[in-house]
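Undergrad: Predicted model, plus sequence, below.
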Amino acid sequence: MPPGPVVMGVLNVTPDSFSDGGRFSDRAAAVAHAMDMRAAGADLIDVGGESTRPGAERVDAETEISRVAPVITELAATGIPLSVDTTRAAVAAVALEAGAAVVNDVSGGLADPAMAKVVAEAGCPYVIMHWRGHSKTMAELARYHDVVTDVCAELRTRVDEAVAAGVAPEKIVIDPGLGFAKTPAHNWELTRRLHEVTALGLPVLIGASRKRYLGELLADADGRDRPFEGREAATVATSVLAVAAGAWGVRVHEVRGTVDALAVWRASGAPRLAVTDPDRARGHLR
C-alpha cells in the first residue's frame, strides 16, 4: 500500500443514519457507492447496518446481518478492503466470514462481551471506540471530570480487556468517539489534545465527518445548524488536523475531498506529531 494515513469511507446500508440514511440501503446502490469511494482513494470501506445517530432505535441482529452480509460478500469479491461497523459479535462473525477484514466496534466491546472472542479467533484488526451507552441514552452520559483524561483511561481499560480476551495488541486501533456521549465542547477539547490520545501508543482513528458539532459551529445568523451537505469543508479540515496531530486514519462520508487535502498536506512537508508509525500501522489492513 502507498505511504500515508488511512482514509476509511463510510457505507451506511441503513434507512436512518444521520446524514445519508436510505441513500444506500439498496444493495446495488451500496456497492456502486463503495466502488466510487474506492476509486476516489478510500483505503477501507466501513459497512454498517445499524444507525448509531443520537436517539436511533436499535434493530435486531438478523436485520443487521441481512443488510450488511450481501453487500460485504459482493464487495469482497472485487478485492476492496472492508470493515464492518457493528457492536454485535454475531454480526461481526458473519461479516468476517463474508469477507470483511476489520471489525469497527463503536462500543469497544461493551455492548457485547463476546465481541473480543470473535475478533481474537479471527485474528483481525479491531477498532475500539470510546463509548458509554447506546444512542438512546448517550447524551445524558456526557459527564467528565476531564474529558481527555477520562476518555484515555476508559480506552485503556477497553484495550486491556480485549487483550486479556486474546486480541493481539498490534491489531488494535483506538477511536476517542467524537460525538458519542460528548458535547461540542468535549469534541473540540479532544481535537485540541489529540496528542494525548495518540500518546497511548496505538493507532488512532478519528470520525468527525458531518457530525452535529460541525453543523453547530457553522450555524447561520439565526442559529440554525449548517445542513449535513454543507459540512464537507469542515470535515476535510478536521481530517487534516487529526492526521497532522498523529492520527492513523480518518473516517469520512465523502472521500475525495479528504484524500485531496491529505495529498496537499503530505506534499507540503508539514511536521507530523506522530506517536505511532503510520506505515507500520497501515499493516493492520494487510
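TA: Yep, it's here. Nothing here was measured: the structure is a model prediction, and the numbers come from that model.
Undergrad: so Val7 sits in a strand?
TA: Yes - assessed with DSSP: H, G, I helix; E, B strand; the rest coil, Val7 lies in a strand.
Undergrad: For it, give the beta-bridge partners.
TA: Beta bridges link Val7 to Val250 when assigned by DSSP bridges.
Undergrad: quick one: it and Ala247 touch, right?
TA: No - applying C-beta atoms under 8 Å, one finds Val7 not in contact with Ala247, separated by 11.0 Å. Glycine gets a C-beta too; all of them are placed from N, C-alpha and C.
Undergrad: Between these two, which is the more surrounded one?
TA: It is Ala247, of Val7 and Ala247, that has more neighbours when counted by other C-beta atoms under 10 Å, with 29 against 22.
Undergrad: where does the stretch 151-286 of the chain have low pLDDT?
TA: 273-286 (pLDDT under 70).
Undergrad: Need the distance between the two termini of stretch 130-146.
TA: Start and end residues of stretch 130-146 are separated by 14 Å (C-alpha to C-alpha, to the nearest Å).
Undergrad: Gly99 and Val71 touch, don't they?
TA: No - under the criterion of C-beta under 8 Å, Gly99 makes no contact with Val71, lying 10.1 Å away.
Undergrad: These two: which is more packed in?
TA: Neighbours were counted for Gly99 and for Val71 using other C-beta under 10 Å; Val71 has more, 28 against 19.
Undergrad: Now do the contacts for that one.
TA: By C-beta atoms under 8 Å, 6 or more residues apart in numbering, the contact set of Val71 is 11, 13, 27, 30-31, 34, 47.
Undergrad: From those, which land in strands?
TA: 11, 47 (DSSP state E).
Undergrad: Point out the least confident one among the contacts of Val71.
TA: Least confident entry in the contacts of Val71, by pLDDT: Arg27, with 87.
Undergrad: What is the burial count for it?
TA: Neighbours around Arg27, by other C-beta under 10 Å: 14.
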